[in-house]
Structure formats: C-alpha cells, structure tokens
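Peer 1: turn this into a structure:
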Amino acid sequence: MGCDEPVCEGGVIVDGVCEGKCTPDKCVESNVCVGNRCMLQCSSHNDCYAPYRGGPELQVCAPVQTDSATGLNDGDTVLVCTASDKVQELLTPCPSGSECDDATATDDWTCPDGTPCTEGAGSDHCSAAECRPLVCVVAGEGDSDRYCSTFDCTSDADCGPGMFCTVESLDTKICGTDKGTAEPCLDRADFKKDGATFQEGPTALMRNVCKKREPCASCEEAVDCSIDIELGCVELATGSACLRVCTGDADDLCRNDEACENGFCVPRSGTCTPPATDNFCHSCTNDLQCGDASSTVACIATSGGQRACFDTSFPDVCETDEDCPASPSGKRGACLDEAEGFAPGSDLYHKCYFPFSQTLGDFDCWKD
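Peer 2: Next up is the predicted model:
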C-alpha cells in the first residue's frame, strides 16, 4: 500500500470515505448490496417508485452487479430499483389531456432523450428550442388509457420505464400533399427542425413517440414488458416481442389474429412484422410496417382491436370475393357490394376490402 493511500480496515472506501461494509443481513428483506448501499431487488418496473403511483421519484428496474464479500459491484448481476434520469412526470395519467404541463413547475419539460429541461432555457442535454412540454398520448385506438409521454425519441433508451420508441400518425397536413387535414401544414423542410422526428408515412404525417410497451412491441428481457402485468417477453421467428398472457389453450382470451400457445397470445402469422410487400391482411402495429411514403398501404383497424395492412387506394376491382387477394388465413377479401352496404355507383362498389366474417358481422382477416 502506498504512503498516500487511505487505510480502511474492515470496511470499504466509497468516494474517498471509509465506510462499514454492506452485507445482505444488514439490509431489509428483498434488498441486496450494490455500491455499498442496500437496494431493492425487483422483477418488474411496477416494483419500483413512480410519482404517478405516489412515489417520491421515478425509478427503473434495471440490471446491476451486486457487491461481493470483499469488493464493490463485482458480484452477480441482478435487477434492482434505481433512479431514472427521465422527466419525473412520465406515465402520469392525463384523462382530461391537460395534466402533463404543470404551470407551477419549471423542470417538467423534456429533451428528445427524455431527460428534464426548463422551458425557454433547455438543459445540458438539449437547447431551448429542443426543450418541449410533455404530451398526453393514448395507449391505442379506442383506448381510454391516457398518460404523459414525450415526442422525438430515437431509441428505446430515450423512453421511460417499460416504454418503447415507436411512431404514431398525426392529423397535421403535410404541405403540398393530400395527407393530413389539420392546418397549418408542416413543410418537409421542417421535419427535423430542432430535433423533431417527423416523417412522411403512406397516408399521414408521422412522429416518433414513447409509449408503454404493448403487444408486439420489441423486447429483450421479461422486465421490458413488465409495466403491463398482462404482457410477457416471448421469442418469435423475427425476434422477441411483448405478448399478452393467456391461460392454457383459451383462444377466447386472445384476439382473432392470435392463438393461445404456451401461455401467450402468439400472432397466428408467427411474427409481429408483416412482409414489406404483398402484405394484405397481415397484422401490424403502425403504418410504416406496411408501406413507406411512396405507398398507399397503411396499418388500419379491422375488428376487435386488430390492425392489418391494407392498400387504402382500393386498387383491386372484382366481381366476386374470389377475385380479391387472399389473407394469411387463406380467406379472400370481400368484394364490396349491396351485402356490405355498397350500391352500384359507389366509389367502392366492386372493390376489394378485408374479408367479411359472417360470424362477427364485421370485417376480419381471420375469423370465418
């Protein structure tokens, strides 16, 4: 030992200070020693603090190395609750849509990477122009679950606990196109201005947004899907994805485009990613999975919360259902006519659409 090195008999040095060694028996139940501090082990983000649940801070359930008997952060890797660097108001319910911007708070705005910043000033992470208020997002189409989140993420790491970076369609009109309805329009030259992540989709303007992980969201570990207790991380042919939990072979707990296999609602197509082309009726989660800006193929709602790829230009002319493309289930699309409420003279008369289910009385790619 050098002459200038501090002596710490029976303890460990943390930030230059000699401290007594943390051992698990000195911690409360379910805690482990990490960095000579007792930290709560977790298996879900819901095991940790969150202001929207009344907690004092926003935490994330993340992997760390525990302390060994003689060292620090050199033991087994476990999941513990640790402070998140993201804006604290993430995931706060916003039933009225106005709860995300507290006029009395100065640091509840956010940088594109999800860290807090001050309105008009920014932070070390982003400029004042890139610093924006939180937004109230809806979990899914027709869903009542609304919560505070952030725009302009570029990866899942920019999002809060149990969230992922995805895209959503906007009503804002793209200047010089027929895409969108809300004015003022947004010019393509401004898509990336001040850190924004706008892009043109097949039928609408789109923007990156952080959302709670949902069925078919990508994942690496079970904890990634844990913000929703009804989801698990399952390996599929094209990678791991969050899937709904089901019981036994109870397909009635799953959507029609899913089958209950080994306790999870697995896509009947075997994947959460539709083919890039020839994807009629393939399940999807957003427009960009079905087509790019030069396409008219979008991800649209069918029945029972399902979404599937469909060419919104209705290109296929038909006389009967047999003239329409086949879905992954083998069912042919419906040739729209009087039976579906379309009379001769209608723009959609004798055009192909999603298959029609007589059982449901609705359009469905899988149900007979």
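Peer 1: where does the stretch 151-300 of the chain have low pLDDT?
Peer 2: Residues of the stretch 151-300 of the chain meeting the criterion pLDDT under 70: 249-251.
Peer 1: burial of L170, as a residue count?
Peer 2: Residues lying near L170 (other Cβ atoms under 10 Å) number 19. (C-beta placed from N, C-alpha, C; glycine too.)
Peer 1: now it, nearest residue through space, not along the chain?
Peer 2: Computed as Cβ to Cβ, 6 or more residues apart in numbering, the closest residue to L170 that is not its neighbour in sequence is L205, at 4.7 Å.
Peer 1: just C159 next, same as before
Peer 2: C210 (3.6 Å).
Peer 1: ok, the one you found to V317 distance?
Peer 2: Look at C210 and V317: by Cβ to Cβ, to the nearest Å, they are 42 Å apart.
Peer 1: also L231?
Peer 2: Per Cβ to Cβ, L231 is found 42 Å from V317.
Peer 1: the more surrounded of these two?
Peer 2: Comparing L231 with V317 by other Cβ under 10 Å, the one with more neighbours is L231, at 25 against 12.
Peer 1: my read: the more buried one touches R213, true?
Peer 2: Yes: with contact defined as Cβ atoms under 8 Å, L231 counts as touching R213 (6.6 Å).
Peer 1: which residues are in contact with each of those two?
Peer 2: C225, C242 (Cβ atoms under 8 Å, 6 or more residues apart in numbering).
Peer 1: neighbours of E119, how many?
Peer 2: E119, neighbours per other Cβ under 10 Å, totals 15.
Peer 1: do Q199 as well
Peer 2: Neighbourhood size, Q199 [other Cβ under 10 Å]: 17.
Peer 1: now do the nearest residue to it once chain neighbours are set aside against F280, distance only.
Peer 2: Spatial nearest neighbour of Q199, excluding adjacent residues (Cβ to Cβ, 6+ apart): M206 at 5.3 Å. Distance, M206 to F280, using Cβ to Cβ: 21 Å.
Peer 1: what of L231?
Peer 2: From L231 across to F280, the span is 28 Å (Cβ to Cβ).
Peer 1: same question for L134.
Peer 2: Counting by Cβ to Cβ, the gap from L134 to F280 is 38 Å.
Peer 1: swap in Q358?
Peer 2: Distance from Q358 to F280, by Cβ to Cβ: 20 Å.
Peer 1: next one: C246
Peer 2: Per Cβ to Cβ, C246 is found 27 Å from F280.
Peer 1: out of Q358 and F280, which sits in the more crowded spot?
Peer 2: F280 (23 against 8).
Peer 1: for the more buried one, which three-state class applies?
Peer 2: What DSSP: H, G, I helix; E, B strand; the rest coil gives for F280 is coil.
Peer 1: give the contact list for it.
Peer 2: Listed by Cβ under 8 Å, 6+ apart, the contact set of F280 reads C309, F310, D311, P325, A326, S327, G333.
Peer 1: got a winner among those for most neighbours?
Peer 2: F310 (27 neighbours).
Peer 1: how about that residue, nearest residue that isn't a chain neighbour?
Peer 2: Per Cβ to Cβ, 6+ apart, closest to F310 is I300, 5.3 Å.
Peer 1: next one: D364
Peer 2: Nearest in space to D364, with sequence neighbours left out and distances taken as Cβ to Cβ, 6+ apart, is S357 at 4.2 Å.
Peer 1: mind checking pLDDT for R37?
Peer 2: As predicted, R37 sits at a pLDDT of 94.
Peer 1: the nearest residue to it once chain neighbours are set aside: neighbour count?
Peer 2: Nearest residue to R37, sequence neighbours excluded (Cβ to Cβ, 6+ apart): C22, at 6.5 Å. Each residue near C22 was counted by other Cβ under 10 Å, and the total is 23.
Peer 1: residue contacts, C22?
Peer 2: C33, N36, R37, C38, D67.
Peer 1: helix/strand/coil for the residue nearest to Q199?
Peer 2: Of the three states, M206 takes strand according to three-state DSSP.
Peer 1: isn't it up against L186?
Peer 2: No: here M206 does not reach L186: they are 11.2 Å apart, not a contact under Cβ under 8 Å.
Peer 1: how about CSV for the contacts of F280, with pLDDT, secondary structure and distance to E99 added?
Peer 2: Below are the contacts of F280 laid out as CSV (pLDDT from 0 to 100; DSSP: H, G, I helix; E, B strand; the rest coil; distance: Cβ to Cβ, whole Å):
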residue, pLDDT, secondary structure, distance to E99
C309, 98, strand, 35
F310, 98, strand, 35
D311, 98, strand, 39
P325, 98, coil, 45
A326, 97, strand, 46
S327, 97, coil, 41
G333, 98, coil, 43
